[in-house]
Every structure is written in C-alpha cells, then in structure tokens.
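Colleague: Predicted model follows, preceded by the sequence.
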Amino acid sequence: MHSIKVEDASGRNNNAGDGAEASSSPSENAGVHKVCLPPHRTTFQKLGHRLSEIFFPDDPLHRFKNQTGLRKFVLGLQFFFPIFEWGPKYNLTLLRSDIIAGITIASLSIPQGISYAKLANLPPILGLYSSFVPPLIYSILGSSRHLAVGPVSICSLVMGTMIGQAISYAKEPTVYLQVAFTATLFSGLLQAAMGFFRLGFIIDFLSKATLLGFMAGAAVIVSLQQLKGLLGIVHFTNKMQIIPVLISVFEHKNEWTWQTIVMGACFLIFLLTARQISARNPKLFWISAAAPLVSVIISTIISYLIRNETHTIQTIGHLPKGVNPPSVNKLHFGGPHLALGLKVGIITGVLALTEGIAIGRTFAAMENYQVDGNKEMIALGLMNIVGSCASCFVTTGSFSRSAVSYNAGGKTVVSNIVMAITVLITLLFLMPLFHYTPNLILAAIIITAVVGLIDYQGAFRLWKVDKLDCVACLSSFFGVLFISVPIGLAIAVGVSVFKILLNVTRPNTHVLGYIASTRSFQSLSRYDTAVRIPSFLIIAVEAPFYFANSTYLQERTLRWIREEEDRIKANQQPAIKCVVIDMTAVTAIDTSGIDTICELRRLLEKRSLKLVLANPVGNVMEKLFKSNSLEAFGLDGLYLTVSEAVDDISSSWKPEKPSEEP
C-alpha cells in the first residue's frame, strides 16, 4: 500500500508510514499543492502556548520588553496601580469635569445607597458606608475611567434574599450582619483570586441571555417586595417568590394606609417620568440623576410637617453620624452559617464581576480605550475585601451611576473620589436630616432603579435570533419568579451549558456544491447557484472531532451518503465514487476523532468508495500524521482544498466533463 507524504513547515519531507523520504505531493499533478505540517514544537512548548492563550490572551507583559530596569519598575507600578499612569497627566480641566460628575453621582448614590441597603435587609447607614470606602479603593486600582462604584440592586437583592431565607434580621441582627460581612469578604477574595490567576473566562458562562432573564425576574420580585413600603404594610413575608409575595400583600390589606399609598404613588410617578424624560433626551440626564435626591428632600419635609397629624407613614428613623466603623470582629469563619456566607459570597461575587466588567467595557468602547478585565477583578476584589472590614456590603460598578457620570462629563476615576468625599460630608454632618425620610420614597427609588433591568425588547430579539438563548432567558426569569434567585440562576446556567454541549455533540454538517462564478464550494441548502459534482459527495463539518461527537459525525456522514445514493437512484445519475470531507472548520481532533475517520475510511472502502480529507488545520494535520493514520489514505487522500481534490481525482478517472465542472 502506498504511504502518503507530507511536508513540514521547514520544507522537510516526512513519511507518515515508515519515515522514508519521498515526494510530499498527494499527486504528481503540478496543480496540486503540498499539505504542510505545522512547525515542530515540544510537548512543553505546546502546553505553554495553550496555557498562554487561556490565561494571557492579551500578552500583559509586552510593554516590558526591551525596557530598562527603571522603566520596568515604573511600568510595573502603572500596571498594578493605574493611578500612576493617569495621575501625572491630570490637570485642572479634568478636575473641573470630575468635580461636577462626582457631585452629580453623589446626589444619586446617597438615596440609592440607603435604598439598596434596605433591599439587602441591612441597616440603611451601611448603604452610605458602602458608597464611601469602596470608591476610594477603586480609584487607586481600577482601570476604567467612567465606572462609578457602590451598592447595586442585583447584588443587594441576592444577598437579602439568600440570607433572609435563613436568618431574620429582626430576630438575629448580629448574626445577619456577621453573615453579610463574611459573604462580602468571600466575594472579594473570589474576585481578587480570579483576577490574580486570570480566570475571567469563567464568568463567560453567564451569558447575556441568562443575565437578561435573571435580572428581569429579580426586578419583578424586587418591585413586588417594595409594595410593603408603598402600601404601608408592617408585617410582610420574607420569601422572595412571586406567589408568597402577592399572597402577603392581600392578606394584610388591613394594614394599607391611604396616606402612604397616595404619597408613594405620586413620587413613583415623578421618578418614572424623570427617568423617561432623560431616556428620550440624553442631554437632560441631570433630571433623572437629581430626581431621587429631590424626592428624598421633598418627602422628608412633608413627613416632618405632618408628623403630628398622622403616624401611619413609616420613616427611616435615627441614623448614626460618623465614618465607617470597623467590622473585622464581625467576620466569622466557623459556625453553622459559614456555608451560607460562602454561597452568598460566590454568587454575589460572580454577579458583581459580570456587571462591573461589562459596564466598564461598555463605556471604554464608547471612549476608545481598553479596560483590563483581570485588573478590574483584582480592583473590585480588593475593594470588597477592604469593605468587609469597614462595615460595607458587596459593591461593584453601577450602570445608572456610571451613565450619569459619563453624561455629566466625568473624565477619570477622580469622580469616584469626589463622590466619596460628598458621602463623607453627609456621614459627618447631615445624617440627622434623614430621620423623617419615609420608607415609601426608598421603595419608589428602588422600583425606578430596577424597572430598567426588565429588557423585554432584548427578550424579543433573543426569540428572533436564537430560540435556545430565549429558552435560557425564560428559564432564568421564571426560575427566579417561582423558585428562588440562586436556583433560577442555576437553571439558566444549566440551559446555557446544555447549549454548549448541544453544539459540541451535534455539530452542523453540510453537503457542498460548486459555484462556477466564484470557484468555491458552498452549502447546497444556502445557495441555489451551487451545483453537485458528479460522482462526488462533498461534506463540510463545522466543529472539532471529539469523543463527544465522533459517533454522531460518523453516523451523520453515512446518512448523507445514503440520502445521496437514494437521490442518485431516483434521478438516474452517476453513482458516488468519492466522499470528500472539508475539514476547514475542524479546529481540533482527539484520538476518538482519529479512530472515527479511520473507521469511516474502512467502511467506505468496503463499499468501493474513496474517502478524501481536504484542508486539515495545523494541529489536526499533526495528530493525523503522528498517529500514522495518513498512511491508509494513500497518495491521493489528502488535499489542500476541495477544488484541488475534485480536479486531481476526477482527472485520474477521465470522466465526461459536466458543463459547470470546476
């Protein structure tokens, strides 16, 4: 039997059978090109390249090449502390823009911080603590110029839901705070570790479709939970499923107060209207940004003026003055609630990373600069680690506050510093003013904030473009609504992983035809102008050959052959003589895939059919060569392109040429 010869990248000839030197062409035809092996690399070189592509796709050390020792030290400081990169270039013009942006986002972050703390079932003051320390840490370590950090609705919701189902803050406030701060620490450790070990690709398993449904379901639950504040209900369920929440609302109708309902509805309409105005005209962003603080001020004044007339409107009450007290003594790494803190920390940490990095990259793309995802993870992680020791709960980048900062003209992370200073002034001097702030205004602010998470147009786009993505979205949405937040997220991730497995185990295959005007081979089902080549069946495989799909690909190929033979018999056309597999999209192969190709060749040989491989990529070619599988294919079993395979093989048959033969 003839053995096939191939040429490596250096031009040396290699024999796939016994190593003897011979011609590398699968045919002596001058029009047939040689199929080359990739450059020789050792196993350690291949492993190193693969690990580099996984963990260092951006080659973070390229700036250090050919630099002096001092320059490398400076670049190292800039790499780990971006403030050293933009700090020397800072000027008064940038400062003026950042001061305006910082004060603007502070007017939004103060009421939102208090509201999101309530959303997490935590004391409202913790929302302000979490809007002071974390922004300062991020301003030193963060690489995004426009990301405004602080508490966010989705992480507050998840934390409040998961901890609240196991521990009641009203009954065990100390234990609740211990779990919350410990979960924040675990969240920060996870984020920093993922950044340090460059594991950012893990969060890619949370697809946009998954998050779309998750956030929409969470937004609905959060909005319904706020009916407690808008209706004036005192006793309310701690459960976070839609049915128990609705039951609790109507079971306590006797606690509804018309003063709270009227006042809450008015402010909710005002906030939603302001949001709509800013959405329609971005130049009026300041209306939406100022609306929460204006609502807090007006509602507090009204509540103070009518305090003697009615006692039905519930208020925040006393908030202590002063900066963040230490909370290291509240971090517990033992006891029955350690597993709960770890679980809450992992889930909120991943969600915080996903939201923060996505927002940072969004604004970076708008301003044409790069955000290092791994450095962002480290920054967010250290921010939460320090925050857990300073009475803060999980924080990350906020889309609403970042958008306000961007529209207000913010240029650098100094806007975060200005915001933190504004919050500090509030903590030191203005806390007594919030004593009469009604709970209903916090509920209205939360509803206004989370309603933007419901992207029904995005769900329609998913249904139009990718039905399986839409299933993942709906699974997440209904899972959150009817089961629980973490289980709903787990279901959605499961659907996304199932989609990956489906694409791997059942890849696309197509029968190709020849388009004369382009001299290329394309799918017959896509192009009406593509025509079959007599005596040839050309099949394209659009996936790696792995153990998970090798059996399917063999069975699907045999089915293509059977269907083609039935078609030929029905139309009385020339029988198939050669099956060509276009391996252009076969990016990898394992031993199971190699065995499948060899088995398929043997099956076709028994049926007097020739199997030919066209355009195998480098690593596929190398594995076929090293496994000695190419020997069985003979001199004309491997070609650079489908066109060359058809030309060369058909010329050896000397058939009657069709009118559109390539």
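Modeller: Nice, I can see it. Numbers count the residues shown, from 1 in each chain.

Colleague: alpha carbons only for contacts and neighbour counts from here, please
Modeller: OK.

Colleague: any idea which element residue 378 lies in?
Modeller: Using DSSP states H and E, residue 378 sits in helix 373-388.

Colleague: Tell me the helices and strands packed up against that helix.
Modeller: helix 133-141, helix 173-196, helix 338-367 (3 or more Cα pairs under 8 Å, 6 or more residues apart in numbering; DSSP states H and E).

Colleague: could you point out which element follows that helix?
Modeller: strand 396-397.

Colleague: Just give me how far that following strand sits from the chain centre.
Modeller: 15 Å (Cα atoms, centre = their mean, to the nearest Å).

Colleague: pLDDT averaged over the following helix or strand past that strand, what's the number?
Modeller: Sequence-wise, the next helix or strand downstream of strand 396-397 (DSSP H and E) is helix 399-407. Predicted confidence along helix 399-407 averages 76 (mean pLDDT).

Colleague: following helix 399-407, which helix or strand comes up?
Modeller: helix 414-425.

Colleague: returning to that earlier point: closest one to residue 466 among the helices and strands packed on helix 373-388?
Modeller: Comparison of these against residue 466 by Cα to Cα identifies helix 338-367 as nearest, at 21.4 Å.

Colleague: Report the angle between the helix or strand hosting residue 77 and helix 373-388.
Modeller: According to DSSP H and E, residue 77 maps onto helix 69-80. Counting by axes from the mean of the first three to the mean of the last three Cα atoms, to 10 degrees, helix 69-80 points 60 degrees away from the direction of helix 373-388.

Colleague: The helix or strand following helix 69-80 - what's its average pLDDT?
Modeller: As assigned by DSSP H and E, the chain's next helix or strand after helix 69-80 is helix 83-86. Mean per-residue pLDDT for helix 83-86: 79.

Colleague: hang on, the earlier thing: now render the helices and strands packed on helix 373-388 as CSV, adding mean neighbour count, mean pLDDT and distance to residue 633.
Modeller: Shown next, in CSV, are the helices and strands packed on helix 373-388 (neighbours: other Cα atoms under 10 Å; pLDDT from 0 to 100; distance: least, Cα to Cα, whole Å):
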stretch, mean neighbour count, mean pLDDT, distance to residue 633
helix 133-141, 25, 92, 58
helix 173-196, 24, 93, 47
helix 338-367, 21, 85, 49
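
Colleague: would you list those in a markdown table and tack on distance to residue 104?
Modeller: Formatted as a markdown table, the helices and strands packed on helix 373-388 follow (distance: least, Cα to Cα, whole Å):
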| stretch | distance to residue 104 |
| --- | --- |
| helix 133-141 | 15 |
| helix 173-196 | 27 |
| helix 338-367 | 18 |
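
Colleague: among these, which is nearest residue 524?
Modeller: Among the helices and strands packed on helix 373-388, the nearest to residue 524 by Cα to Cα is helix 338-367 (39.1 Å).

Colleague: Which residues does the helix holding residue 378 contact?
Modeller: With Cα atoms under 8 Å, 6 or more residues apart in numbering as the test, helix 373-388 has contacts from 80, 130, 133-135, 137-138, 141-144, 181-182, 184-196, 198-200, 327-328, 331, 353, 357, 392-396.

Colleague: again with stretch 88-102
Modeller: Residues contacting stretch 88-102 (Cα under 8 Å, 6+ apart): 404-406, 408-419.

Colleague: just the residues you listed now: which is nearest residue 507?
Modeller: residue 406 (43.2 Å).

Colleague: ok, back up a step: closest one to residue 625 among the helices and strands packed on helix 373-388?
Modeller: Judging the helices and strands packed on helix 373-388 by Cα to Cα, what sits closest to residue 625 is helix 173-196, at 38.2 Å.

Colleague: Since that was my last question, I'll sign off now.
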